[in-house]
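*Asks:* Next input, structure requested:
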Amino acid sequence: MDNAVVINPPINRFKQAIAAGDIQIGLWSSLVSNIVTEMIGAVGFDWLVLDAEHAPNDLATLIPQLQALRGSHSEPVVRTPWNDPVLIKRFMDIGFRTILFPYVQNEDEAAAAVAATRYPPEGIRGVATVHRACSYGAEAGYAKTANDRACVLVQVETAAAAERLEKICAVKNLDGVFIGPADLAASMGHLGNPGHDEVQSLMKRCVETCKAKGIPIGTLAPVTADAKKYLEWGYTFVAVGADIGLLRAAANAKLAEYKSH
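*Replies:* Next comes the predicted model:
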């Protein structure tokens, strides 16, 4: 009898929490360090994004970080470089079950994202029987529960995508929408100014649309006042900072104690 420890419990607590409307506070991780990830994983954030879009992460750097998060309260979320089923298959085989898809522009792209995370007949994920996600074959029932534990979050980060948000929300098995404030602002002609009134107004309309459709919505808000505002509006899962930003801010603050700039 194989008594190996299952790496991924069948229940995706983060997926269940956002579906129930429970607030989930997260953090971005871009430092590509299993030591940093392990340290943050012990803090108690509900979810932790390991960024493979704007950080130099790949399969080889992500596996040690997943190992560092084993037993952590934080749900590992990978932001994939692109909505590519080959990439998604590989990310899921190494143990990710919650995927954040960047730059999803319409309902067809959202449906493709969902399909990439699911075994047939619900999707197109390729089948392997021995990989990290199933404890290298020790979890015999993995294939039967993998689709249920998969969590798909799509980034709506342009005004054009926001216009199609209602249709995106109607995609079957979509678990959440994530608003990217910086790219949204850029698409609206306000590059570098996500706090612009027009951007903020659209972000508020997006949460209203998602709430009406019963789809959880999240965002990234390193500024505390912004994060609290979005939570008041109805955003359910909010990343309140990033490891690289926290380190830089702390380093600047420490130096300022001794030098004036």
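*Asks:* Low-confidence regions, the chain specifically.
*Replies:* 1-9, 261 (pLDDT under 70).
*Asks:* mind checking how far the helix ranked longest in it is from the chain centre?
*Replies:* Criterion DSSP state H: the longest helix present in the chain is helix 197-213. Relative to the centre of its chain, helix 197-213 is centred 19 Å away, using Cα atoms, centre = their mean, to the nearest Å.
*Asks:* I215 in helix, strand or coil?
*Replies:* The three-state assignment at I215 reads coil, by DSSP: H, G, I helix; E, B strand; the rest coil.
*Asks:* and what of A239?
*Replies:* Applying three-state DSSP: A239 is strand.
*Asks:* number of nearby residues for it?
*Replies:* Other residues near A239 number 25, with proximity taken as other Cβ atoms under 10 Å. In short, each C-beta sits where N, CA and C put it, glycine included.
*Asks:* thinking it is in contact with Q24, fair?
*Replies:* No. Taking contacts as Cβ atoms under 8 Å, A239 lies outside contact range of Q24: 9.4 Å.
*Asks:* Find residues that contact each of the two.
*Replies:* Jointly contacting A239 and Q24 under the rule Cβ atoms under 8 Å, 6 or more residues apart in numbering are W47, G218.
*Asks:* hey, where'd the strands end up in this structure?
*Replies:* Secondary structure of the chain (DSSP state E): strands located at 24-29, 47-51, 75-79, 98-101, 151-156, 176-179, 217-220, 237-242.
*Asks:* With distance to Y136 added, can I get the ones you listed in JSON lines?
*Replies:* Below are those laid out as JSON lines (distance: least, Cβ to Cβ, whole Å):
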{"stretch": "strand 24-29", "distance to Y136": "25"}
{"stretch": "strand 47-51", "distance to Y136": "21"}
{"stretch": "strand 75-79", "distance to Y136": "18"}
{"stretch": "strand 98-101", "distance to Y136": "21"}
{"stretch": "strand 151-156", "distance to Y136": "22"}
{"stretch": "strand 176-179", "distance to Y136": "30"}
{"stretch": "strand 217-220", "distance to Y136": "32"}
{"stretch": "strand 237-242", "distance to Y136": "31"}
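*Asks:* Among the ones you listed, which comes closest to E107?
*Replies:* With respect to E107, and counting by Cβ to Cβ, the nearest of these is strand 151-156 at 9.9 Å.
*Asks:* Pull up the pairing partners for that closest one, direction included.
*Replies:* According to DSSP bridges, strand 151-156 forms sheet pairs with strand 98-101 (parallel), strand 176-179 (parallel).
*Asks:* Can you lay out those as CSV showing distance to N12 and mean neighbour count?
*Replies:* Shown next, in CSV, are the strands paired with strand 151-156 (distance: least, Cβ to Cβ, whole Å; neighbours: other Cβ atoms under 10 Å):
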stretch, distance to N12, mean neighbour count
strand 98-101, 7, 25
strand 176-179, 12, 26
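*Asks:* Kindly reformat these as JSON lines containing distance to D58.
*Replies:* Output for the strands paired with strand 151-156, formatted as JSON lines (distance: least, Cβ to Cβ, whole Å):
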{"stretch": "strand 98-101", "distance to D58": "15"}
{"stretch": "strand 176-179", "distance to D58": "22"}
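*Asks:* thinking again about what came up before, now do the longest helix of the chain and strand 151-156, the angle between them.
*Replies:* Angle, helix 197-213 to strand 151-156, by axes from the mean of the first three to the mean of the last three Cα atoms, to 10 degrees: 150 degrees.
*Asks:* Point out the other elements, helices or strands, that helix 197-213 touches.
*Replies:* Helix 197-213 is packed against helix 159-163, helix 165-169, strand 176-179, helix 181-187, strand 217-220, helix 224-233, with contacts defined by 3 or more Cβ pairs under 8 Å, 6 or more residues apart in numbering; DSSP states H and E.
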